[in-house]
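A.B. asks: Okay, sequence plus prediction incoming.
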Number of protein chains: 2
Amino acid sequence: MRNLKKGITAPLGFLANGICCGIKEKSYDLALIYTKPKATAACLYTTNKLKGAPLVVTKEHLQKSKKRASAIIINSGNANTGNGLKGIEDAKVMAATTASCLNLKKEEVLVASTGIIGVPLPVDKIKEGIKVLSKELSEEGGVKAALAIMTTDTLPKECSLSFKIEERVVTVGGMSKGAGMIHPKLATTLTFITTDISINYQLLKEALKSSADKTLNLITIDGDTSPNDMVVILANGLAGNKRITKKDQDFYKLQDTLREVLLNLALMIVKDGEGATKLIQIQMVNAKSASQAKKVAFAVANSPLVKTAFFGEDLNWGRIISAIGNSQTNLDINKVAIYLGENLLVKDGAKAFSSLDKLKELLKEKEIYLKIDLHQGKEELKVWTTDLSLEYVKINSNYRT
Amino acid sequence: MRNLKKGITAPLGFLANGICCGIKEKSYDLALIYTKPKATAACLYTTNKLKGAPLVVTKEHLQKSKKRASAIIINSGNANTGNGLKGIEDAKVMAATTASCLNLKKEEVLVASTGIIGVPLPVDKIKEGIKVLSKELSEEGGVKAALAIMTTDTLPKECSLSFKIEERVVTVGGMSKGAGMIHPKLATTLTFITTDISINYQLLKEALKSSADKTLNLITIDGDTSPNDMVVILANGLAGNKRITKKDQDFYKLQDTLREVLLNLALMIVKDGEGATKLIQIQMVNAKSASQAKKVAFAVANSPLVKTAFFGEDLNWGRIISAIGNSQTNLDINKVAIYLGENLLVKDGAKAFSSLDKLKELLKEKEIYLKIDLHQGKEELKVWTTDLSLEYVKINSNYRT
């Protein structure tokens, strides 16, 4: 069941809000998610060795609260990363202020930030903002929260889906922010998922991890992994289903739905990638291993020469096979086939098409479908990326908040 | 001794020429290097698993000729890569035609190509070209050859240096082509070195490898390694020095000179990188290992976010430390210091400067000097890269020959 009207406030019991507290000049920059009752919470963190202060505080709070949380406070416009001990203090102030406004323990509040690195947080503005924010939480506030976590995103990214466990309707909602420094590894970009399902912590974490690995962890915009990447899921149990405590049918229903929500969000992130004019899907087939499939796919997905060629709508298959040759994996390049849509471009490592006419039409599309057949095993995988446009350089050479 | 007038024709006994044979519309596209007497030849090849046909033929010829060569024929405008067996045949025709014009055995001729991948070589034009080319070889022809190997280069890249062994003057000359798909690994971009020194094959190869590792292998423009990368050195012995057969003082003199020639060429390549507005030197100090130093340096050098920030003359040190955190090496990010010139930007992983004024001036310079002190060992290394500009995207989204 699709339920596109609402994102994180679609599941029962979740309220949210977003405002402009003054970190940015005019746009929303502070979001709050709240659930009554308290939820089971699981989180995935960035693999960047530089970690934003909010991640450190969130991890500490989840440990103290035994994986239970009631609220997430999030700001955009400032990553609160590279700010030393002051950064940790400021992230704690964000949590403590939220806790005090909502009458919670501070370790029940998680914290996230996104934006420029290395600029001190304007913590007084945020404190005032939290007071305003917490007074107007609502079931319609999801979209405001989704707007408030945006950085260079041009659109808010929300999704929710429902399914049934016996007669109970269970809903999963989510929101993400893009749009640059995107190459999730084990963790992912900022994504917040809410659900009213009843489930234990271990299984919730496992469903989140396996779903992220097949969705958010398979997209890249520029090969840079943010130090603030985080995915959080809150499950408050209000759907009233029999609590999931083992990998039964209900668990897999949740996992499937979660994967679909995350895939929707992941594709929204790529489509809205900085300067992106095209979504490029790279489907790997017949790889020796999942690791080989991933290395080859990302070697192609992150090659600036492949990406600029797609921006120019130029069928430069030579750059694609050269990028495959550069992937750090043992492979026989003479077995490789490449397809654009259903059309064979390369067979046995060499050119395999005669007319460009039909292919040129496909290159003009907004969505490009590449298939790479390695002919050396049975593993499959899809990754998604964007082209590299003039606009990407403009955005990133001018970006200061 | 600096001898900048000539490149590959600076050493005794080397002749060269360059012409336009019609692969490109108007610019030089065919180069020939010739030495009488026959030279000892060593070669480094790309690590890309896709290998251009000329590399396959050059390798075969060097094996058959027992590492001896008299000529190198090189074309630009077409890489002769991804052309299957026809590509190999065509590369052999280039060698055979050259051999016949110069009265050589075909395995004494080496072949190189650079340009677009996957387009058949216009071999008839090249055959006609070789006939013209071989008739007007001269000591002044080095610059014409340097012009003829250019792809998106805006300037020819030549260098030569001399030193003395007892009373004998020994000269090393070289030419390179840039300017995109540059991230040499073990091999390098197209570079041709000539010298009149007398030396055995093993030592010549070793001097070339060790020099390339400290120069050409430490530059990157876009992180893409070309399938046609090759460095060739020819040593014809005409300087008349006592043949070098062990690692004595003379060997190290050659190695030092060779390294300086390659460094000059490497820096010319980076400065003339596609769309480059700045040369960025990244000096690593106090790394745990050479491998760690290299991984961190290249993580910074290849980050599109770091490169676009330098293009925008924006002091986004957060992107630098985030790129360091993303390098695939175990490191303690809290020990890292970053300098711009002599000015401390980051200490113990956090911001360490107060005023931007002086730093802003440094960012406007054409040459940017970054120093990254990992504070976790004693290894040092320098790598060189460019910024990422609007022009890079324009060049690479429009590039068809």
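C.D. replies: Thanks, I have the structure now.

A.B. asks: Do you know the pLDDT at residue A:57?
C.D. replies: Note on residue A:57: pLDDT of 97.

A.B. asks: So it versus residue B:336, what's the distance?
C.D. replies: Residue A:57 sits 22 Å away from residue B:336, going by C-beta to C-beta, to the nearest Å. Placement of C-beta: from N, CA and C, glycine included.

A.B. asks: Just checking, which helix or strand succeeds the longest strand along chain A along the chain?
C.D. replies: Determined from DSSP state E, the single longest strand within chain A is strand A:30-45. Note on strand A:30-45: by DSSP states H and E, the next helix or strand toward the C-terminus is helix A:53-64.

A.B. asks: So chain A: which segments form each domain?
C.D. replies: A:14-271, A:279-398 (automatic domain parsing).

A.B. asks: So for the longest strand of chain A, what gets flagged as buried?
C.D. replies: Within strand A:30-45, the residues scored as buried using 16 or more other C-beta atoms under 10 Å in any protein chain shown are A:30-35, A:38-45.

A.B. asks: Can you tell me which of those residues is nearest chain B?
C.D. replies: Using C-beta to the nearest C-beta, residue A:45 is the member of these that sits closest to chain B, with 12.5 Å.

A.B. asks: Now do the contacts for that closest one.
C.D. replies: A:51, A:55, A:59, A:187, A:229, A:230 (C-beta atoms under 8 Å, 6 or more residues apart in numbering or on different chains).

A.B. asks: Give me the local confidence score for it.
C.D. replies: 90.

A.B. asks: which residues does residue A:280 bridge with?
C.D. replies: Each beta-bridge partner of residue A:280 is listed here: residue A:368, residue A:385, as defined by DSSP bridges.

A.B. asks: residues contacting it?
C.D. replies: A:301, A:307, A:310, A:367, A:368, A:370, A:384, A:385, A:386, A:387.

A.B. asks: Could I get the domains of chain A in a markdown table, plus columns for distance to residue B:169?
C.D. replies: Listed next are the domains of chain A as a markdown table, based on distance: least, C-beta to C-beta, whole Å:
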| stretch | distance to residue B:169 |
| --- | --- |
| domain A:14-271 | 48 |
| domain A:279-398 | 41 |
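
A.B. asks: hey, where'd the strands end up in chain A?
C.D. replies: Using DSSP E, strands in chain A cover A:14-19, A:30-45, A:68-76, A:109-114, A:157-165, A:168-176, A:191-195, A:230-235, A:279-287, A:337-340, A:343-347, A:350-351, A:367-373, A:379-386.

A.B. asks: ok so, going back, now the longest strand of chain A, how far from the chain's geometric center?
C.D. replies: 16 Å (C-alpha atoms, centre = their mean, to the nearest Å).

A.B. asks: can you list the weak-confidence ranges in the stretch 1-150 of chain A?
C.D. replies: In the predicted model, the stretch 1-150 of chain A carries pLDDT under 70 at residues A:1-5.

A.B. asks: Please work out which residue of it is closest to chain B.
C.D. replies: Closest point on the stretch 1-150 of chain A to chain B, by C-beta to the nearest C-beta, is residue A:117, at 2.4 Å.

A.B. asks: ok now do that residue, which residues does it touch?
C.D. replies: A:79, A:81, A:82, A:227, B:316, B:317, B:318, B:319, B:321, B:322.

A.B. asks: Please repeat the previous calculation with a cut-off of 6 Å.
C.D. replies: Residue A:117 makes contacts with A:79, A:81, A:82, B:318, as judged by C-beta atoms under 6 Å, 6 or more residues apart in numbering or on different chains.

A.B. asks: burial of the second one, as a residue count?
C.D. replies: The number of residues packed around residue A:81, counting by other C-beta atoms under 10 Å in any protein chain shown, is 29.

A.B. asks: before we move on, what about the last one?
C.D. replies: Applying other C-beta under 10 Å, we find 24 other residues in the vicinity of residue B:318.

A.B. asks: Excluding sequence neighbours, find me the nearest residue to it.
C.D. replies: Using C-beta to C-beta, 6 or more residues apart in numbering or on different chains and skipping the chain neighbours, the partner closest in space to residue B:318 is residue A:117 (2.4 Å).

A.B. asks: Against residue B:326, how distant is the one you found?
C.D. replies: From residue A:117 to residue B:326 the distance is 13 Å (C-beta to C-beta).

A.B. asks: can you check residue A:123 too?
C.D. replies: Residue A:123 is 28 Å from residue B:326, by C-beta to C-beta.
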